[in-house]
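Student: here is my input, please return the structure:
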Amino acid sequence: MGLERASAGTFDRRRVLALGSAAALGAALSGCRAAATVNAVLARQGLRGLGDARGVGIGAAVQAGYLARDADYAALIAREFSMVVPENDMKFGLVHPEPGRFAFGNADAIVDVARANAMQVRGHTLVWHRQVPPWVTAELGRERLLGVLGDHVAAVVGRYRGRVVAWDVVNEAIDDGGGLRASVWSRGIGPDYLEHAFRFARAADPSARLYYNDYGAEGLGRKSDEVFRLVADLKERGVPIDGVGLQMHVGLLRPPAPSPDELASNLGRLAALGLDVTVTEMDVRLAGAAGTPDQKWARQAAVYRDVLSAALAAPNVKAVLFWGATDRYSWIPGETGQPDGALPFDDQYRPKPAYRAIADALLI
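Tutor: Numbering: from 1, shown residues only. This is a model prediction of the structure:
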């Protein structure tokens, strides 16, 4: 069982139904798919109860500020999810804003909330081309920049050693147009920055699972082929990589969701490399789709159900995380300048049809 898979032993006893352990719950649900039974589990244990019964982590991206000032949001996260990932609070620019100075307050708060609610933490992200502080983007030279990278990874991963089960070590290194993305890391260090990052992370916490994370590589196509070649090369050279994160930012129109068959094929070839997979950042955009809100929500639910059913059928899929939980705090309007409703809960924390679709996928 992978480190990201939730287990009955880590589940808060106050959340366990009268049915007993997570294993007993799984057996009961597999033998009885009655709506009343499922609704009772969702009401008392949320999606995390279904995930625990299946042995799969269910998570969401969170921000420390929202957890601190919005009690309803904090309660929703604690009830529904067995795993959290900091949406921004562990990124380089936030935790390491100046040379020699680290700001771990928000990241610590998220880890503390997770521990108090028997949730696992996924770390995001150690190396990315965005949200890099100006002092790092200066012309430092290869050896100095490599030293900066090593110091950063050692400090961040080392601080949370034993408390973060997995890390997105390198994020989005493949360019949309093909090839390795031009970034401060690839220009300043060279293509081998990826290998160094993974080796630094393994040294800082040998027990944490180490992932390469990217978007647009879920199905079959040029980008997923390039991601496959990248991680296959890392594996062949003995670089300590344990898995691939498929972000799964998709929409009713664009970007399209992968077909179940293509997703299954992609997961299969990654499994053949000995790599775990986590769906790391799923949301389903409504933008541009025709129809009433109810019609769009129904189509959105079908995407969640179809994609997650195919993903969870693969034995190397260890966890599913959404990039947020409620439309109130979605990243998409800030990124696109347009309202949307891409997450399982609406802006009043009410479950949408997508929520039940996710539950159905967990029960298949």
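Student: hey, which helix or strand in the protein has the poorest pLDDT?
Tutor: When the helices and strands of the chain are scored by mean pLDDT, DSSP states H and E, helix 22-31 comes last with a mean of 51.
Student: which is the next helix or strand following that helix?
Tutor: Moving toward the C-terminus from helix 22-31, the next helix or strand (DSSP states H and E) is helix 35-54.
Student: neighbouring strands - and their directions - for the helix or strand just after that following helix?
Tutor: Going down the chain from helix 35-54, the next helix or strand is strand 57-62, by DSSP H and E. With DSSP bridges as the test, strand 57-62 is paired with strand 83-86 (parallel), strand 317-322 (parallel).
Student: in stretch 314-327, what's buried?
Tutor: 314, 316-327 (16 or more other CB atoms under 10 Å). The C-beta positions use only the backbone N, C-alpha and C, and glycine is treated the same way.
Student: oh, that last question was meant for stretch 262-277, not what I typed.
Tutor: Buried, per 16+ other CB under 10 Å, within stretch 262-277: Glu262, Leu263, Asn266, Leu267, Leu270, Leu273, Leu275, Asp276, Val277.
Student: touching it from outside, list them.
Tutor: Stretch 262-277 has contacts (CB atoms under 8 Å, 6 or more residues apart in numbering) with 2, 4, 209, 211, 217-220, 224, 228, 231-232, 235, 241-246, 258, 307, 310-311, 313-318.
Student: tell me the mean pLDDT over it?
Tutor: Computed over stretch 262-277, the mean pLDDT rounds to 98.
Student: with only the CA atoms kept, save that stretch in CSV.
Tutor: Output in CSV follows, covering the C-alpha atoms of stretch 262-277 (Å, rounded to 0.1, in the frame of the first residue of the first chain):
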residue,chain,number,x,y,z
GLU,A,262,-6.7,7.2,-23.3
LEU,A,263,-6.4,7.8,-19.6
ALA,A,264,-6.2,4.1,-18.9
SER,A,265,-3.5,3.6,-21.5
ASN,A,266,-1.4,6.4,-20.1
LEU,A,267,-1.8,5.1,-16.5
GLY,A,268,-0.8,1.7,-17.7
ARG,A,269,2.4,2.8,-19.3
LEU,A,270,3.4,4.8,-16.2
ALA,A,271,2.7,1.7,-14.1
ALA,A,272,5.0,-0.3,-16.4
LEU,A,273,7.8,2.0,-15.4
GLY,A,274,7.0,1.3,-11.7
LEU,A,275,5.5,4.7,-11.1
ASP,A,276,2.6,5.7,-8.9
VAL,A,277,0.1,8.3,-10.2
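Student: all further residue positions should be reported with the first residue as 590.
Tutor: Got it, the first residue is 590 from now on, which makes the last one we talked about stretch 851-866.
Student: rewinding a little: buried members of the contacts of stretch 851-866 into ChimeraX, please.
Tutor: In ChimeraX, a selection of the buried entries from the contacts of stretch 851-866 looks like this (16+ other CB under 10 Å):
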select :591,593,798,800,806,807,808,809,813,817,820,821,830,831,832,833,834,835,847,896,899,900,903,905,906,907
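Student: mind checking which of the contacts of stretch 851-866 are in helices?
Tutor: Taking DSSP state H, the ones among the contacts of stretch 851-866 that sit in helices are Ser813, Phe817, Val820, Ala821, Lys824, Val896, Ala899, Ala900.
Student: which residues does the residue of the chain most remote from its centre contact?
Tutor: Residue farthest from the centre of the chain, counting by CA atoms, centre = their mean, is Gly730 at 32.6 Å. Each residue near Gly730 by CB under 8 Å, 6+ apart is listed here: Gly777.
Student: and the pLDDT for it?
Tutor: Looking at Gly730, its pLDDT reads 94.
Student: look up how far Ile778 lies from it.
Tutor: Separation of Gly730 from Ile778 (CB to CB, to the nearest Å): 10 Å.
Student: over to Arg750?
Tutor: 24 Å.
Student: okay, those two: which has more neighbours?
Tutor: The residue with more neighbours, out of Arg750 and Ile778, is Ile778; 21 against 12, by other CB atoms under 10 Å.
Student: CA atoms only: put stretch 733-746 into PDB for me.
Tutor: Output of stretch 733-746 as PDB, limited to C-alpha atoms (Å, rounded to 0.1, in the frame of the first residue of the first chain):
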ATOM      1  CA  ARG A 733      25.600  29.200  -7.000                       C
ATOM      2  CA  LEU A 734      22.100  28.600  -8.300                       C
ATOM      3  CA  LEU A 735      22.600  24.800  -7.800                       C
ATOM      4  CA  GLY A 736      23.600  25.600  -4.200                       C
ATOM      5  CA  VAL A 737      20.500  27.800  -3.800                       C
ATOM      6  CA  LEU A 738      18.300  24.900  -5.100                       C
ATOM      7  CA  GLY A 739      20.000  22.400  -2.800                       C
ATOM      8  CA  ASP A 740      19.700  24.600   0.300                       C
ATOM      9  CA  HIS A 741      16.000  25.400  -0.500                       C
ATOM     10  CA  VAL A 742      15.000  21.700  -0.900                       C
ATOM     11  CA  ALA A 743      17.000  20.600   2.100                       C
ATOM     12  CA  ALA A 744      15.400  23.300   4.300                       C
ATOM     13  CA  VAL A 745      11.800  22.900   3.200                       C
ATOM     14  CA  VAL A 746      11.700  19.100   2.900                       C
END
